[in-house]
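A.B. asks: compute the structure for the input listed below.
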Amino acid sequence: QVQLVESGGGLVQAGGSLRLSCAASGRTFSRNAMGWFRQAPGKEREFVAGISWSGGSTTYAASVKGRFTISRDNAKNTVDLQMNSLKPEDTAVYYCAAAAAYYSSASSRDYDYDYWGQGTQVTVSS
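C.D. replies: Numbers count the residues shown, from 1 in each chain. Model (predicted):
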């Protein structure tokens, strides 16, 4: 059974930092693109960051570019999201996602991802 489990969420003040981690089990995703999405209350899920299977290419939503960094460790089957200079509008449930396609590129499209985690809450207070 494939599982993606997010961790690292919590409450932080505006301007602070958090590091989210996503651990995959049940299969390896070392040859698959992975990404992070988020959903705020009353809003649709939106793309945050994506990384190619090799880690050589990344893509970010305009709202987080320059503040967030996505990275992966294929040996550990994990993908992280370093979030700096957090703002109250970053408050959301953050989801990790993985593509089933091998050698996939970084993608901002949710339909490119086949596996999803349960999410971790990030709350940024003003």
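
A.B. asks: drop to CA atoms for contacts and neighbour counts, all remaining ones
C.D. replies: Fine.

A.B. asks: quick one: P41 and G9, what's the gap?
C.D. replies: 16 Å (CA to CA, to the nearest Å).

A.B. asks: which of those two has more neighbours?
C.D. replies: G9 (18 against 9; other CA atoms under 10 Å).

A.B. asks: direction included, what does the lengthiest strand in the chain pair up with?
C.D. replies: Determined from DSSP state E, the single longest strand within the chain is strand 92-102. As defined by DSSP bridges, the strand partners of strand 92-102 come to strand 32-39 (antiparallel), strand 115-116 (antiparallel), strand 120-125 (antiparallel).

A.B. asks: just give the nearest non-adjacent residue to the most centrally placed residue in the chain, would you?
C.D. replies: Geometric centre of the chain, nearest residue: W36, 2.2 Å, by CA atoms, centre = their mean. By the measure of CA to CA, 6 or more residues apart in numbering, the closest residue to W36 outside its immediate chain neighbours is C96, 4.7 Å from it.

A.B. asks: next, count neighbours for that neighbour.
C.D. replies: Neighbours of C96 (other CA under 10 Å): 31.

A.B. asks: one more: G42?
C.D. replies: Using other CA under 10 Å, G42 has 6 neighbouring residues.

A.B. asks: go on, N32?
C.D. replies: 22.

A.B. asks: how close does it get to G10?
C.D. replies: For N32 relative to G10 (CA to CA), the value is 28 Å.

A.B. asks: Y103 too?
C.D. replies: 33 Å.

A.B. asks: please apply the same query to A92.
C.D. replies: 10 Å.

A.B. asks: quick check, pLDDT for V12.
C.D. replies: For V12, the pLDDT comes out at 98.

A.B. asks: contact partners for the closest residue to it other than its chain neighbours?
C.D. replies: Nearest residue to V12, sequence neighbours excluded (CA to CA, 6+ apart): V124, at 5.0 Å. V124 makes contacts with 11-14, 86-91, as judged by CA atoms under 8 Å, 6 or more residues apart in numbering.
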